[in-house]
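Enquirer: Take a look and give me a structure for this.
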Amino acid sequence: MTDLADAHLAALRHLRAKGGRHTFNCGYGRGASVREVVETVKRISGIDFPVAEAPRRAGDPAALVADATRIRVTLAWEPRFADLDTIVAQALAWERRLGNSACAGTQASGGGPLS
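Expert: As a prediction, the model looks like this:
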């Protein structure tokens, strides 16, 4: 969440400086599978929610990875938090602060920081 907010602020500064309009990808240069994300959310949240697995749908890509070269070069933006544990922990903490009861579990041991 913090990295995305920082990217938005960098884009706003760029616009205010008359830097022109661009479309940017905010990414880390590597992807994670849906299974990796689900298992990380379960571990960090401490909630063992049910998951229904199904085959990939026709037309679904095997992988998607954002190329963030343009934002890194144009705005000098670099993500500060590139590990999945921290990204999930920040997202869950945000949802909990908003009062999302689906995220009300406790942090599992070994998880990332929940502030």
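Enquirer: hey, let's count contacts and neighbours off CA atoms from now on
Expert: OK.
Enquirer: Now do the contacts for residue 14.
Expert: 20, 75 (CA atoms under 8 Å, 6 or more residues apart in numbering).
Enquirer: Ok, residue 2 next?
Expert: residue 90.
Enquirer: pLDDT score assigned to it?
Expert: The per-residue pLDDT reported for residue 2 equals 80.
Enquirer: Repeat that for the one 10 residues further on.
Expert: In the predicted model, residue 12 carries a pLDDT score of 94.
Enquirer: tell me the phi and psi of it?
Expert: Residue 12 adopts backbone torsions of phi -60, psi -40, taken as degrees, to the nearest 10.
Enquirer: Residue 86 and residue 15: what is the separation?
Expert: 29 Å (CA to CA, to the nearest Å).
Enquirer: Let me fix that, I meant to ask about residue 4.
Expert: Taken as CA to CA, the span from residue 4 to residue 15 is 17 Å.
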